[in-house]
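Novice: A predicted structure for the sequence below; I have some questions about it.
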Amino acid sequence: MRTTGVSWRAKNSIYEIPFSFIDVETTGLSHQNGDRVCELAVLRCRLGKRGRLFHTLINPLCPVSCGAMRVNGITNEMLHDAPIFETIADDFLSFISNSVIVVHNAPFDINFLKMEMGRIGKFFPQNHIIDTLYLSRRYYSFRSNSLPNLAWELGIKSDKFHRALADVHTTRKVFESFLEDFQMKGLSTIEELLRL
């Protein structure tokens, strides 16, 4: 997918490109059946740099399912005073502008975000999107391609999984581990990365 008005070019080094690592937690598994985003985290950085964080709980205006609560530990009480999505949408869009988005299992997170944007009459931007789940399935043979298992097999330490803030940091580390392999095979530009 293409971002309009980008300030970088396809032949730029991967170290010159801003990446936005995104993760959401949700009230359930199906945006089509009314589940909503209840936590959003973004880590924006260039490779090798510290970066900036955008993180918030979100009041979904509906209950968190028992199944989701067991996975992410987010309770309805925690969300009671959180902002609704509409109030954070513009800040989120500004934060990820002109960057390449990296997500683990991109269809899940991005479809939820597109749904949230659609509810308030906005569109999710046409940024390039890289899916670490897709990369793990295509180029590796892990026993499982879940984010916790990738972290474990790659020797990446994480204090917690299934919370948005922890997962964006883990996704970044998994992505950088993959990039080390790809660079050893000659990858150097964003154009080459986006063709994977």
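Specialist: Alright, I've got the coordinates. Note that the coordinates shown come from a computational prediction; the quantities given were computed from them, not determined experimentally.
Novice: Could I get the buried residue list for the worst-scoring helix or strand of the chain on mean pLDDT?
Specialist: The weakest-scoring helix or strand in the chain, judged by mean pLDDT, DSSP states H and E, is helix 190-194 (a mean of 90). Neighbour-count burial for helix 190-194, with 16 or more other Cβ atoms under 10 Å as criterion, is recorded at 190, 192-194. Quick note: C-beta positions are derived from backbone N, CA and C, even for glycine.
Novice: quick check, nearest of the residues you listed to Ala106?
Specialist: Among those, Leu194 lies closest to Ala106 (Cβ to Cβ), at 13.4 Å.
Novice: doesn't Ile130 make contact with the closest one?
Specialist: Yes. The pair Leu194 / Ile130 is scored as a contact, 7.3 Å apart, by Cβ atoms under 8 Å.
Novice: Which neighbours do these two have in common?
Specialist: Jointly contacting Leu194 and Ile130 under the rule Cβ atoms under 8 Å, 6 or more residues apart in numbering are Val100.
Novice: Tell me which residues touch Phe123, please.
Specialist: Phe123 neighbours (Cβ under 8 Å, 6+ apart): 114, 117.
Novice: For the least confident helix or strand of the chain, output the C-alpha coordinates as CSV.
Specialist: Extracted in CSV, the C-alpha atoms of helix 190-194 (Å, rounded to 0.1, in the frame of the first residue of the first chain):
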residue,chain,number,x,y,z
ILE,A,190,13.2,0.0,1.4
GLU,A,191,12.2,-1.0,-2.1
GLU,A,192,13.8,-4.4,-1.6
LEU,A,193,12.2,-4.8,1.8
LEU,A,194,8.7,-4.0,0.4
